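Novice: I would like to see how this sequence folds:
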Amino acid sequence: VLQAATRQDMTYWLQELQQKRWEYCNNLDAAKRDSRTSPTPSDFSRGLVAKDSPGTILSQNASAERARNILAVETSPTDLVGEQAASQPAPVQASAINFSLKQWSTEIKNSMSSLRKGSNENRKSVFYTTEEWELLDPSPKDLEDSMALEEKRKHLAEGNKGRRLTSSAFPFDFGRIPHKARRPLKDMIGSSKNRTSSDSSPTDWCSGNGNRLVSELQLKYQSQQEELEKLKKDLLSQKELVRLLQQTVRSSQYDKYFASRLCEGVPKDMLELLHQKDDQILGLNNQLEKLNLEKDSLQQEVKNLKCKVGELNERLGMLMETIQAKDEVIMKLSRQLSECEDSTSSQSGAMYSPTATCTNKELQELDRLKDNLQGYKTQNKFLNKEILELSALRRNAEAREREWQAKYTSLEAKLCQIESKYLILLQEMKTPVCSEDQSPAREVITQLLEDALKAEPSEQPEQAFFKPHLVSEYDIYGFQTVPEDDDEEKLVAKSRALDLRSLSLSENREISTGVKWENYLASTMNREMMRCVELKNLIRSGIPHEHRSKMWKWCVNLHVKKFKDSTIPGYFQTLLQKALEKPNPASKQIELDLLRTLPNNKHYSSPTSEGIQKLRNVLLAFSWRNPDIGYCQGLNRLVAIALLYLEQEDAFWCLVTIVEVFMPRDYYTKTLLGSQVDQRVFKDLLSEKLPRLHAHFEQYKVDYTLITFNWFLVVFVDSVVSDILFKIWDSFLYEGPKVIFRFALALFKYKEEEILKLQDSMSIFKYLRYFTRTILDARKLTAIAFGDLNPFPLRQIRNRRAYHLEKVRLELTELEAIREDFLRERETCTEKRDLISDDEEDS
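Specialist: Residues are numbered from 1 along each chain as shown. Modelled structure (predicted):
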């Protein structure tokens, strides 16, 4: 349980929690009203699908915000709460200064530099080198200057010491408070009754634990002062030693000078007398310096004693004021007590005890009520704001409940209508038909089929929350849900769309995948995304719709980085410009296939669709980059799928990734050599992973590669439902072509039992043509592809590709030889001259 130190801190906490709850509920309402939209970064390309889902953010209630601002409780964070308190370092208890006696010279220098702070001339060391001793001039003027300098240093040291003494660690320094600015203690004691129990006065702070802490700090301070005095004495002794050494040097220099200059012609007794006088002078100078030092030390002690006496006098005055205030309080309480005794003496003795304490209790109760009045005012203001916010949240919840109730009512009404129509149909089917006229049940069945196949019309935004969307005309990728050609196919497609809708509604209840993606993208916001096991597992589970554009672009750039680094800026635009200006042999076939690419997608359904021009640009630029390939049927579908989530240039590099990085050479050339090789590799894998199914196909001589060839060529486009298609592409763009083998095997394993039940080649082949459209559970299919089919080494696929490539090349060589023989025989034989080959017919 969290407990605030003071009432102000408690109010601040509650106000911050209230604000966070208000922001969270507003964001939650906006997210629930438009679950399809999500805030996506704007630093990556957006394709055709991404532009179809604009984000709608509901504005907050302006009146509620205005009222919240008016009723906001003004509280400022104290030292215990708030962002500033969180950013401050943890308090560290001051420790005593640790002076090392072994390194006394370094400590003396540091002490002297701290005592001489602020003057550059005082930073000179007191120790002299040999060169400095030789340059000393023992003149009286220099001695006077040096004495004056020493006096100045002493004054600075005294000032620093005085400052250190005044800036003590006591919580309340009485000596620094001016007398006029001090508040009388009797007023402090008198007003203390109006304070709450959470507020603490300085005297209360000093009592109990505070007194013990102050005493400990005083002891530490005294010990530090004693160590400082010892060090000062050591410093003075060192100075004295330096002076003695200086005087010795001066005397030796003086003796040397006079011995060299005046030795000749001077009697020895005069020289001895001169030496004695010099010794006496030096002794007197030493005594004078000692007396001066003693005088300075005594003066310093006198100053310290005066300071202490002044502090003691001030404390004594404060204590006297405290005692006087307490005496006044005692006298006042005594007078009140005597008045109470006098007033109660006239009353009966039975009522004496409760009446005697009545006045004191009433006064205490009055003080307590006054103290709580301000607290209740603040609490009332906070509760009013709380009521306002809860009312707004309740109104939002009621609005959502009304919307869901309207949806439920609409669904229930529609269900009742359908049940009624089916009951009528059953009744009509039960009634026997005696005549040869058309049964009325056929009309009912026809009407039911028309109602079932009718697509949901597009509703207005204000009706979106009150009418349920079962199946819309197009899915989120732009694909048509119900075809317009065959009525039987319409019924199957509508049933499949309803099943997909049911699966999507059940999957939306589990938000663990979306939360994992949000957490991962948030963790990579400030760093570059890298390949890792976590990212691979997330991509295999499916990229969310709102993040697919970003992740596809990242995957493409990951594979073509070496190509893009070697190209000039504006490479795609340069290719496109050349392809448009110069004659291009592939442009004619590209124009023929544009409208045949994805006719069931609204982005490519008409010549004026936005995707048609982008598709044309990407295919022309790629044909100019790869003249050996030019254009191959199948490339248009790859580009069309990429353009749903990528811009033109990124879709171009996506096609480069598939053709030049993922797939082997000659995969999309005229011979389709690489595609034929992959079908033989797939046969080997099917016999290894699904031996029963492979034996079943061999028994009835079913060539399933006629179906799977298109799977590999266009990566399952128009072969599976759109939800599964884009999940396959997610893994394909990240892991490469091995994913195609995995999902091709998974599709067969998903329906293995149903295929094994078929006992003739025609029914098997007919089932293989459409069975992939009946697979709707993407989660189960993904689990089979990446779980049940393991191990799945890429080295095995490469080895099998190399093996079958040689075989296919030999077969093509043999076919080419047979073709040449046929042409020679046709030229020599007059009966076969009218026969032509398919290639000659096309040309």
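
Novice: so which residues of the stretch 151-300 of the chain form helices?
Specialist: All helices of the stretch 151-300 of the chain, identified by DSSP state H, counting those that start in this stretch, fall at 185-191, 202-206, 209-261, 268-345.

Novice: let's have those helices in CSV, adding distance to Arg616.
Specialist: Every C-beta, even on glycine, is put in place using the N, C-alpha and C of the backbone. Output for the helices of the stretch 151-300 of the chain, formatted as CSV (distance: least, Cβ to Cβ, whole Å):
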stretch, distance to Arg616
helix 185-191, 87
helix 202-206, 83
helix 209-261, 84
helix 268-345, 94
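
Novice: possible to save these as JSON lines with mean neighbour count and distance to Lys407?
Specialist: As requested, the helices of the stretch 151-300 of the chain are exported to JSON lines (neighbours: other Cβ atoms under 10 Å; distance: least, Cβ to Cβ, whole Å):
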{"stretch": "helix 185-191", "mean neighbour count": "14", "distance to Lys407": "64"}
{"stretch": "helix 202-206", "mean neighbour count": "13", "distance to Lys407": "64"}
{"stretch": "helix 209-261", "mean neighbour count": "13", "distance to Lys407": "65"}
{"stretch": "helix 268-345", "mean neighbour count": "12", "distance to Lys407": "74"}
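
Novice: quick one: closest of those helices to Ile658.
Specialist: Each of these has some distance to Ile658 by Cβ to Cβ; the shortest is helix 209-261, at 75.3 Å.

Novice: of the helices of the stretch 151-300 of the chain, which approaches Phe786 most closely?
Specialist: Once those are compared by Cβ to Cβ, helix 209-261 is nearest, at 65.2 Å.

Novice: can you put the helices of the stretch 151-300 of the chain in CSV and add distance to Ile543 and mean pLDDT?
Specialist: What follows is those, written out as CSV (distance: least, Cβ to Cβ, whole Å; pLDDT from 0 to 100):
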stretch, distance to Ile543, mean pLDDT
helix 185-191, 68, 42
helix 202-206, 61, 43
helix 209-261, 61, 80
helix 268-345, 75, 86
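
Novice: wasn't Tyr604 part of a strand?
Specialist: No - looking at Tyr604 with DSSP: H, G, I helix; E, B strand; the rest coil, it is coil, so not inside a strand.

Novice: ok, now which ones touch it?
Specialist: For Tyr604, the contacting residues are Leu594, Leu595, Thr597, Leu598, Gly611, Ile612, Leu615, Ala640, by Cβ atoms under 8 Å, 6 or more residues apart in numbering.

Novice: per-residue pLDDT, it?
Specialist: Note on Tyr604: pLDDT of 94.

Novice: for Val639, see how far away it is.
Specialist: When distances are taken as Cβ to Cβ, to the nearest Å, Tyr604 and Val639 turn out to be 10 Å apart.

Novice: with Glu16 instead?
Specialist: Distance of Glu16 to Val639, computed by Cβ to Cβ: 53 Å.

Novice: between the two, who's got more neighbours?
Specialist: More neighbours sit around Val639 than around the other of Glu16 and Val639, counting by other Cβ atoms under 10 Å; the figures are 24 against 14.

Novice: which SS class is that one?
Specialist: Once three-state DSSP is applied, Val639 turns out helix.

Novice: circling back to that earlier point, which of the contacts of Tyr604 fall in helices?
Specialist: When those are checked against helices using DSSP state H, the ones located there are Gly611, Ile612, Leu615, Ala640.

Novice: of all those residues, which two lie farthest apart?
Specialist: Farthest pair in the ones in helices among the contacts of Tyr604 (Cβ to Cβ) is Ile612 and Ala640. Separation: 9.5 Å.

Novice: so the two - more neighbours on which side?
Specialist: Shown here are Ile612 and Ala640; by other Cβ under 10 Å, Ala640 has more neighbours (25 against 18).

Novice: and that one, what's its pLDDT?
Specialist: Ala640 is assigned a predicted lDDT (pLDDT) of 96.

Novice: quick one: residues contacting it.
Specialist: In this structure, Ala640 makes contact with Thr597, Leu598, Asn601, His603, Tyr604, Gly611, Leu615, Val717, judged by Cβ under 8 Å, 6+ apart.

Novice: make it 6 Å
Specialist: With Cβ atoms under 6 Å, 6 or more residues apart in numbering as the criterion, the residues that contact Ala640 are Thr597, Leu598, Tyr604, Leu615.

Novice: adding distance to Gly283, write those out as CSV.
Specialist: Shown next, in CSV, are those (distance: Cβ to Cβ, whole Å):
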residue, distance to Gly283
Thr597, 118
Leu598, 117
Tyr604, 116
Leu615, 113
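
Novice: pick out whichever of those residues sits closest to His545.
Specialist: Using Cβ to Cβ, Leu598 is the member of the contacts of Ala640 that sits closest to His545, with 18.4 Å.

Novice: could you check how many residues crowd around that closest one?
Specialist: Residues within reach of Leu598, counting by other Cβ under 10 Å, total 25.

Novice: return the distance of it relative to Tyr477.
Specialist: Using Cβ to Cβ, one gets 10 Å for the distance from Leu598 to Tyr477.

Novice: surely Gln648 and Leu615 touch.
Specialist: No - when contacts are counted by Cβ atoms under 6 Å, Gln648 is not listed as touching Leu615 (9.1 Å).

Novice: which of those two has more neighbours?
Specialist: With other Cβ under 10 Å as the criterion, Gln648 and Leu615 differ in neighbour count, and Leu615 comes out ahead with 27 against 21.
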